[in-house]
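**Student:** here's a sequence, model it:
(chains A and B)
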Amino acid sequence: MSIRIDVWSDVVCPWCYIGKRRLETALGRFEHDVTVTWHSFQLDPTIPQGSREPVHEMLAKKIGAPASQVRAMTHQVTQLAEAEGLTYDLGNAISVNTRDAHRVAHLAGEHGLGTEMHEALLKAHLSEAAVVDDPDTLVRLAAGVGVPAEEAADVVRGTKYGAEVDADIQRARQLGISGVPFFLINQKYGISGAQSADAFLGALNKVHAES
Amino acid sequence: MPETPAEQIADEEIPAEELPQLIILDGAEDAPVCENGVCL
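**Tutor:** A predicted model of the protein is given here:
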């Protein structure tokens, strides 16, 4: 029996990219079929559409600390990302409203490319300091994973898949999810945070044994 | 009579008994998350 994993994540979430890699490591060691579906979550939906701000400055305001202190604090997550083979460039990353990115991710999901699109968006924001509310960037990223560019452009220009984004976020709220990444296995078991690959594997084995 | 907020109606669509049981993993409390826009 195939195992289903639903993941809630935001495309600007450093722990989500690390969690994604750790889950993939676990899946590589798991012998049974697993289907992974990515769902939208916005860490800060209050960011005005079109507003752009360096991540360090945004974080400094949120926690009331100087940017220099924020840089030191983000150093830790950058190092942990390196351990997973990821290169973060948080010093140049730009904070944006991620709703449009999630709408495009839903389009990609309809093409069976949801995982690839989520990967592309995480990499673009966290490793390449790309501005992931920029329409041209979103179309380029979508086309890069195989989504027809004209379809992506149509979504970016309009409001399509907004309802799907809202539904994902509402489901997260119903599940009591306040932070991401969050992993739901077989619609029944919840796992919060960027767990170790061993922890993911242990959970998968436990669920498989019970199924 | 005040209107019932749309959010409240929607949240009631899925009965509580259908919400997932959570597995508590060893060390799960240490697993980092991003929350409220902060990921430190």
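
**Student:** how far away is residue A:129 from residue A:95?
**Tutor:** Separation of residue A:129 from residue A:95 (C-beta to C-beta, to the nearest Å): 11 Å. Any C-beta I mention is one placed from the backbone N, CA and C, and that applies to glycine too.

**Student:** tell me, how many residues neighbour residue A:27?
**Tutor:** When neighbours are defined as other C-beta atoms under 10 Å in any protein chain shown, residue A:27 has 18 of them.

**Student:** list the buried residues in the one helix or strand it maps to.
**Tutor:** Assessed by DSSP states H and E, residue A:27 sits inside helix A:14-28. Across helix A:14-28, burial judged by 16 or more other C-beta atoms under 10 Å in any protein chain shown covers A:14-23, A:25-27.

**Student:** just to revisit the earlier point, between residue A:129 and residue A:95, who's got more neighbours?
**Tutor:** The neighbour comparison of residue A:129 against residue A:95 (other C-beta under 10 Å) goes to residue A:95, with 24 against 17.

**Student:** isn't that one up against residue A:58?
**Tutor:** Yes: the criterion here is C-beta atoms under 8 Å, and residue A:95 meets it with residue A:58 at 4.2 Å.

**Student:** is the helix holding residue A:27 positioned near chain B?
**Tutor:** Yes: Helix A:14-28 lies within reach of chain B by C-beta under 8 Å from any C-beta of the partner chain, at A:14, A:15, A:16, A:18.

**Student:** stretch A:198-211 now?
**Tutor:** Yes: with C-beta under 8 Å from any C-beta as the criterion, chain B is reached by stretch A:198-211 at A:199, A:202, A:203, A:206.

**Student:** for the residues of helix A:14-28 next to chain B, give me JSON lines that also has distance to residue A:42 and pLDDT.
**Tutor:** Listed next are the residues of helix A:14-28 next to chain B as JSON lines, based on distance: C-beta to C-beta, whole Å; pLDDT from 0 to 100:
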{"residue": "A:14", "distance to residue A:42": "15", "pLDDT": "96"}
{"residue": "A:15", "distance to residue A:42": "15", "pLDDT": "96"}
{"residue": "A:16", "distance to residue A:42": "12", "pLDDT": "97"}
{"residue": "A:18", "distance to residue A:42": "19", "pLDDT": "97"}
